[in-house]
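Chemist: quick check, what structure comes out for this input:
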Amino acid sequence: MSEIHRRSAALGIALPATSAGAHSGSMRASAWVGLLVALFKVRVVGLVAFTAVTAMVVAADGVPSAFRLGWLALAGTLAGAGAGALNHYLDRDVDAVMIRTRGRPLPAGQIRPPVALAIGLVLVLAGTGLAAGLGLGVGLYVGMAWVTYVLAYTRWLKRRTPWNVVIGGWTGSCAVLAGWEAAGGGLSLTAWALAGVVFLWTPAHFWAFAIARADDYRRAGIPMLPVVAGAARAAQAIVIGALLSLGISLLPGVVAATGWAYLAPAFLAGAAFVAGSLWLWREPSQARAWVVYKVSNAYLLFVFVGVLADVAIR
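Modeler: Now for the predicted structure:
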């Protein structure tokens, strides 16, 4: 066993065995990166950090302090990564049952639960503390984001109610509000509208995913809406969520806080999301749900890229 493997084992982290030489070194590095990407849910954290940074740029009218922007990105990334690790810790039993998640670090035996717990706690506390350095409001919203995700959603609601992801949507909203507060100008109607888009988008987005993966949730005993009420009822809820997301996304344009560079992509992407949801409602199959899930991902990206473009043009 190499030295790096011995040290990893002492920390409760199991890396795959590799051959000697430079090739083995690159494989060890790849194993570390892969483990951390999975444990910290890097893709989810990246999306949340992007919305927070976008909100700060918009609140600062396109000219935020580079130092504060980097500080916010670091704080949000640390807190988000820690929340991901805590989610893995709390969900390790159901993750072992679900086909989609049984290869994650904890059920796969790559990291011991107490280590994941310790890493998660250190990161969320460090991220919240850093965020508070930008202002108490920023720290408050960052703290609320991970507390909602870890305690309210993962620990409490996820296994008790099919409406779990509705409250879980507040996590993403808090990231937007934290970014806006970091600019130092106070929350505006546009801030609340963007936070509302994320809040309303989250359940519709996730219910589409849950329809596509209903068998997994049923196997694990997780009462997601498609499992409890059926795919047809869940598809109806997705249509409502898509319509509400589209409506609130247009609010900044209605009050002339943004221009066409935001309204055009927000409307077109929102209309595509609604159309896809109606298409799913007519035939709530797993294949269609997966398409709508992908469309919903693109929708949120278009909304936030659109508001950035609007600021750049103005």
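
Chemist: was I right about residue 145 contacting residue 174?
Modeler: Yes. Using Cβ atoms under 8 Å, residue 145 is in contact with residue 174, at 3.8 Å. Just so you know, the C-beta spots here come from the backbone N, C-alpha and C atoms, and that holds for glycine as well.

Chemist: tell me which of these two has more neighbours.
Modeler: The residue with more neighbours, out of residue 145 and residue 174 and counting by other Cβ atoms under 10 Å, is residue 145; that gives 29 against 25.

Chemist: need the per-residue pLDDT for that one.
Modeler: Note on residue 145: pLDDT of 97.

Chemist: quick one, what contacts it?
Modeler: Contacts here follow Cβ atoms under 8 Å, 6 or more residues apart in numbering; on that basis residue 145 touches 48, 79-80, 83, 170-172, 174-175, 178.

Chemist: likewise residue 160?
Modeler: So residue 160 contacts residue 223 (Cβ under 8 Å, 6+ apart).

Chemist: what of residue 190?
Modeler: 58, 252, 257-258, 307.

Chemist: do that again at 6 Å, thanks
Modeler: Neighbour list for residue 190: 252, 257 [criterion: Cβ atoms under 6 Å, 6 or more residues apart in numbering].

Chemist: skipping its backbone neighbours, what lies nearest residue 311 in space?
Modeler: Ranked by Cβ to Cβ, 6 or more residues apart in numbering and with sequence neighbours excluded, the top spatial neighbour of residue 311 is residue 62, at 4.3 Å.

Chemist: correct me if wrong: the one you found contacts residue 310.
Modeler: No. Using Cβ atoms under 6 Å, residue 62 and residue 310 do not qualify as a contacting pair, with a distance of 9.5 Å.

Chemist: which of those two has more neighbours?
Modeler: Regarding residue 62 and residue 310, a neighbour count based on other Cβ under 10 Å identifies residue 310 as having more, with 23 against 13.

Chemist: pretty sure that one belongs to a strand, no?
Modeler: No. Checked against DSSP: H, G, I helix; E, B strand; the rest coil, residue 310 lies outside a strand; its state is helix.

Chemist: residue 228 versus that one, what's the distance?
Modeler: Distance from residue 310 to residue 228, counting by Cβ to Cβ, to the nearest Å: 40 Å.

Chemist: outline the domain layout of this protein.
Modeler: Using automatic domain parsing, the domain parsing of the chain gives 40-186, 188-314.

Chemist: got a pLDDT number for the residue most central in space within the chain?
Modeler: When the chain is reduced to its mean C-alpha position, the nearest residue by Cα atoms, centre = their mean turns out to be residue 44, at 3.9 Å. For residue 44, the model assigns a pLDDT of 93.

Chemist: do the one 4 residues further on as well
Modeler: The model reports residue 48 with a pLDDT of 94.

Chemist: how many neighbouring residues does it have?
Modeler: Residue 48 has 26 neighbouring residues, counting by other Cβ under 10 Å.

Chemist: what residues are up against it?
Modeler: Shown in contact with residue 48 (Cβ under 6 Å, 6+ apart): 80, 175.

Chemist: and residue 292, by the same measure?
Modeler: Residue 292 makes contacts with 208, 276, 280, as judged by Cβ under 6 Å, 6+ apart.

Chemist: for the residue nearest to the centre of the chain, give its distance to residue 37.
Modeler: Distance, residue 44 to residue 37, by Cβ to Cβ: 11 Å.

Chemist: also residue 188?
Modeler: Counting by Cβ to Cβ, the gap from residue 188 to residue 37 is 35 Å.

Chemist: where does pLDDT dip in this structure?
Modeler: Residues of the chain that meet the criterion pLDDT under 70 lie in 1-29.

Chemist: phi first, then psi, for the residue nearest to the centre of the chain.
Modeler: As for residue 44, its main-chain torsions (degrees, to the nearest 10) stand at phi -70, psi -40.

Chemist: now it: how far from residue 77?
Modeler: Summarising the geometry, the distance separating residue 44 from residue 77, computed by Cβ to Cβ, is 11 Å.
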